[in-house]
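# predicted structure and sequence below. I'll ask about it afterward.
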Amino acid sequence: MIYLTHEPIDTAAVLEAVRSPAAGAVVLFLGTVRETTDGRRTSSLDYECYAEMAEKKLAELEDEARNRWSLMECEMVHRLGHLSVGESSVAIAVSSAHRRSAFEAGLWLIDRIKEVVPIWKRENYADGTSDWVHPGPAGATTTQET
Amino acid sequence: MNVRVRLFAAARQAAGRDRIELELSEKATVGQLRQRLAEKFPALSSLIERAMFAVDSEYAADGHEIPADADVACIPPVSGG
């Protein structure tokens, strides 16, 4: 299952959603708001998305993960709106019979979310400035000054 | 034909609105839309150059013909997760 939410992510609920008697492994990834980026201090983030397409892409990623690995359950939640340092922006939980699939699928899902899902973050810095984050080629992050 | 384009993030902020209308020829392509958008917002041209476009929630290449009444979105490089 996949959700977009403006509420704080209920991590316990995400974990419960993927437990299964058939699973020997449950892996949880949390993306959390970090206080420093490129030497600048972040005070908060704002996330926006193209909801219809984001939901479609997340569903496609779950389908692809299930084709690549043998998974029991898969739950992804991405939070939108205003987040403070330390809060979770995304939770991905997967369960499988054995641990390797769960770890590999979890990593693949977060990597692909960061590449294809139409969600964007704005870094709000401690100095009062803000930048929308629009990564450039080869992993370099270039940002648009507001 | 009239094409409505959804804008997000830095593009939305710079344009001051979350969607704009462009007048394009029948059977216009994504590439032509990209060009027209950059002409309308020269300050955004480098971001538009790096953007993908989506037609009806699917990424579409520059050669893709835009159907009438399609839901078109400008997707600058994403930063979710």
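Sure thing, it's come through. Numbering: from 1, shown residues only, chains lettered A, B, ... in the order given.
# all strands of chain B, in order?
B:2-6, B:19-23, B:52-55, B:58-60, B:72-75 (DSSP state E).
# a markdown table for the ones you listed, including mean pLDDT?
Below are the strands of chain B laid out as a markdown table (pLDDT from 0 to 100):
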| stretch | mean pLDDT |
| --- | --- |
| strand B:2-6 | 96 |
| strand B:19-23 | 94 |
| strand B:52-55 | 98 |
| strand B:58-60 | 98 |
| strand B:72-75 | 98 |
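# tell me which of these sits most buried.
Mean neighbours per residue, mean count of other CB atoms under 10 Å in any protein chain shown, is largest over those for strand B:72-75, with a mean of 23. To be clear about C-beta, it is placed using only N, CA and C from the backbone, and glycine gets the same treatment.
# just the CA trace of that strand, in PDB.
What follows is strand B:72-75, C-alpha atoms only, in PDB (Å, rounded to 0.1, in the frame of the first residue of the first chain):
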ATOM      1  CA  VAL B  72       0.100  18.300 -18.900                       C
ATOM      2  CA  ALA B  73       2.600  19.000 -16.200                       C
ATOM      3  CA  CYS B  74       6.100  20.500 -16.100                       C
ATOM      4  CA  ILE B  75       8.200  18.200 -13.900                       C
END
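# can you redo the strands of chain B as CSV with distance to residue B:29?
What follows is the strands of chain B, written out as CSV (distance: least, CB to CB, whole Å):
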stretch, distance to residue B:29
strand B:2-6, 11
strand B:19-23, 13
strand B:52-55, 10
strand B:58-60, 9
strand B:72-75, 11
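# make a markdown table from the ones you listed and add distance to chain A to it.
Formatted as a markdown table, those follow (distance: least, CB to the nearest CB, whole Å):
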| stretch | distance to chain A |
| --- | --- |
| strand B:2-6 | 7 |
| strand B:19-23 | 11 |
| strand B:52-55 | 6 |
| strand B:58-60 | 8 |
| strand B:72-75 | 5 |
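# cheers, nothing more for now.
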